[in-house]
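S.K.: Sequence isn't available, so here's the structure alone:
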């Protein structure tokens, strides 16, 4: 059920952002983050695809899709997610934004899903390369394991095309 929901969000977002695609910036990104699952600290790695636009009134919007991998003490963790971003172009190139997100995770055969929130900043170093720092907090729910809180503080490197 949740997979169908996330797939539907992906499809709708892809179609909606495709209107006037020449006005939008698309990117592929890789990142590293410090993550906490119920106070257990771990390093997570992610990669993904994003679409963004800064309008004439300096409003910034974006949607991104990610996959992640981490290796906590109790096995490997795999995840996927979608982020919806809305913010403002604060200075000439710096975008500050809020994030509403959905995530699915699997570890040792157990699957969890959750919704979260966060904030981030993005700065284009060159016309084709940008860096972003983001904080996200999720409330994860699973039928097989206790519910848990998942926090991420990450750094992403983006290639914009």
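M.R.: Sure, I can see it. Just so you know, these numbers come straight off a predicted model, no measurement behind them.

S.K.: Which pLDDT value belongs to residue 63?
M.R.: pLDDT for residue 63: 97.

S.K.: my bad, residue 35
M.R.: pLDDT, read off for residue 35, is 89.

S.K.: Then residue 126?
M.R.: 95.

S.K.: what residues are up against it?
M.R.: Residue 126 is in contact with no residue at all, counting by CB atoms under 8 Å, 6 or more residues apart in numbering. Every residue, glycine included, has its C-beta placed from N, CA and C.

S.K.: Can I take it that it is in a helix?
M.R.: No: looking at residue 126 with DSSP: H, G, I helix; E, B strand; the rest coil, it is coil, so not inside a helix.

S.K.: Backbone torsions only: list them for it.
M.R.: phi -130, psi -180 (degrees, to the nearest 10).

S.K.: Now do it against residue 86, distance only.
M.R.: According to CB to CB, to the nearest Å, residue 126 and residue 86 sit 25 Å apart.

S.K.: what do you get for residue 101?
M.R.: On the measure of CB to CB, residue 101 and residue 86 end up 12 Å apart.

S.K.: out of everything not next to it in sequence, what's closest to residue 47?
M.R.: Nearest non-adjacent residue to residue 47, counting by CB to CB, 6 or more residues apart in numbering: residue 30, 4.8 Å away.

S.K.: okay, which residue is most central for the protein?
M.R.: residue 83 (4.5 Å; CA atoms, centre = their mean).
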